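Visitor: Here is the input, now give the coordinates:
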Amino acid sequence: MRVVPVESKQLQPRPPVASAIPTLAGTTRPSTTRRPSIRPLLLETAGSGRPASDPYVRRFWTAALGPGAVADLLRLMRAAALGVPLPRPTHLSDLARVGLVAFASARVWVVPDVPTLPNNLVRAFPPFLRREHEAWIARESATNSTGL
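Guide: Numbers count the residues shown, from 1 in each chain. Modelled structure (predicted):
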């Protein structure tokens, strides 16, 4: 094996790469651009749901969709109730996928009350959370049937 002394190596600095040089014109991160505003409207439903402040919403919908999506839902519900615009939520498509938000006539419609989780979302829960959800629903059914 031949050892080459460091002095004899011809070290040259690496040439600059064009993509490594930041340009100031027209290049911004998506997180720094301003999101367009929307003005959500409330859907007319038969009132079969829970208010946004119900602990069920925070416990089970957060477990199903994540905290960001639930926060976006609560902001949309509040903005629709007040009739004010807000920046387009980042989780809008997730909320539409589960039926909490709808798009019609170039508008965003949001439910006034949060429904019980659909079975397909409950089945995705881990077993301990599924049991907790079943107990919650059974407790509510018993309370509603006794009229308390």
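
Visitor: May I see the buried residues of stretch 87-104?
Guide: Buried positions in stretch 87-104, judged by neighbour count with 16 or more other Cβ atoms under 10 Å: 89, 91-92, 94-95, 98, 100-101. Every residue, glycine included, has its C-beta placed from N, CA and C.

Visitor: pLDDT on it, on average?
Guide: Taken as a whole, stretch 87-104 carries a mean pLDDT of 92.

Visitor: how distant is that stretch from the center of its chain?
Guide: Centroid separation for stretch 87-104 versus its chain: 9 Å, with Cα atoms, centre = their mean, to the nearest Å.

Visitor: Residues contacting it, please?
Guide: Here stretch 87-104 makes contact (Cβ atoms under 8 Å, 6 or more residues apart in numbering) with 34-38, 40, 43, 64-66, 68-69, 72-73, 75-76, 108-111, 114-115, 118, 121.

Visitor: can you rerun that using 7 Å?
Guide: Stretch 87-104 has contacts (Cβ atoms under 7 Å, 6 or more residues apart in numbering) with 35-38, 43, 65, 68-69, 72-73, 75-76, 108-111, 121.

Visitor: what do you get for stretch 110-118?
Guide: Residues from elsewhere that reach stretch 110-118 (Cβ under 7 Å, 6+ apart): 40, 42-43, 45, 47-52, 57, 60-61, 64, 76-77, 80, 100-101.

Visitor: Can you say which of the residues you listed are buried?
Guide: 40, 42, 49, 52, 57, 60-61, 64, 76-77, 80, 100-101.
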